[in-house]
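Asker: below is the structure, and that's it, no one-letter string:
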């Protein structure tokens, strides 16, 4: 599972217990950067929350990119603007 592909995306995660979480994948940590060597990704469930929910790769049964919806209160990403040379 390439969790890094989901960073900065709106996602739906189904964990190994069958529980479903949706939110914005705000932080990916590789096995090299994690103190315990475990790949993980953290999501914020809505814009009004400061709480992050962390999932290790082993806890995720399925992950997919979703379109944002108003009831989830997660942002729709805008394409980045190209930098102009100085």
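Answerer: Arrived safely, thanks for sending. Because the structure is predicted, anything quoted here is derived from the model rather than measured.

Asker: most centrally placed residue in this structure?
Answerer: Centroid-nearest residue in the chain, with Cα atoms, centre = their mean: residue 25, separated by 1.8 Å.

Asker: isn't that residue up against residue 11?
Answerer: Yes. If you go by Cβ atoms under 8 Å, residue 25 and residue 11 touch, sitting 5.0 Å apart. C-beta coordinates here come from the backbone N, C-alpha and C atoms, glycine included.

Asker: got any residues that touch both of these two?
Answerer: Residues touching both residue 25 and residue 11 (Cβ atoms under 8 Å, 6 or more residues apart in numbering) are residue 43.

Asker: quick revisit: for the residue nearest to the centre of the chain, what are phi and psi?
Answerer: Residue 25 has phi and psi values of phi -80, psi 100 when expressed as degrees, to the nearest 10.

Asker: and it, how far from residue 66?
Answerer: Look at residue 25 and residue 66: by Cβ to Cβ, to the nearest Å, they are 11 Å apart.

Asker: give me the common contacts of these two.
Answerer: With Cβ under 8 Å, 6+ apart as the test, residue 25 and residue 66 both reach 10-11.

Asker: which regions of the chain lie under the pLDDT threshold?
Answerer: Along the chain, the parts satisfying pLDDT under 70 run over 68-86.

Asker: beta partners for residue 11?
Answerer: residue 23, residue 65 (DSSP bridges).

Asker: shouldn't it be in contact with residue 43?
Answerer: Yes. With contact defined as Cβ under 8 Å, residue 11 counts as touching residue 43 (6.3 Å).

Asker: any common contacting residues for those two?
Answerer: 22-25.

Asker: so what's the residue count around the nearest residue to residue 67 once chain neighbours are set aside?
Answerer: Leaving aside its sequence neighbours, residue 67 sits nearest to residue 10 (Cβ to Cβ, 6 or more residues apart in numbering; 6.9 Å). Residues near residue 10, counting by other Cβ atoms under 10 Å, number 21.

Asker: what do you get for residue 56?
Answerer: There are 15 residues near residue 56, going by other Cβ under 10 Å.

Asker: sorry, back to before: what is the nearest of the shared contacts of residue 11 and residue 43 to residue 2?
Answerer: Residue 2 has its nearest neighbour among the shared contacts of residue 11 and residue 43 in residue 25, at 12.3 Å by Cβ to Cβ.
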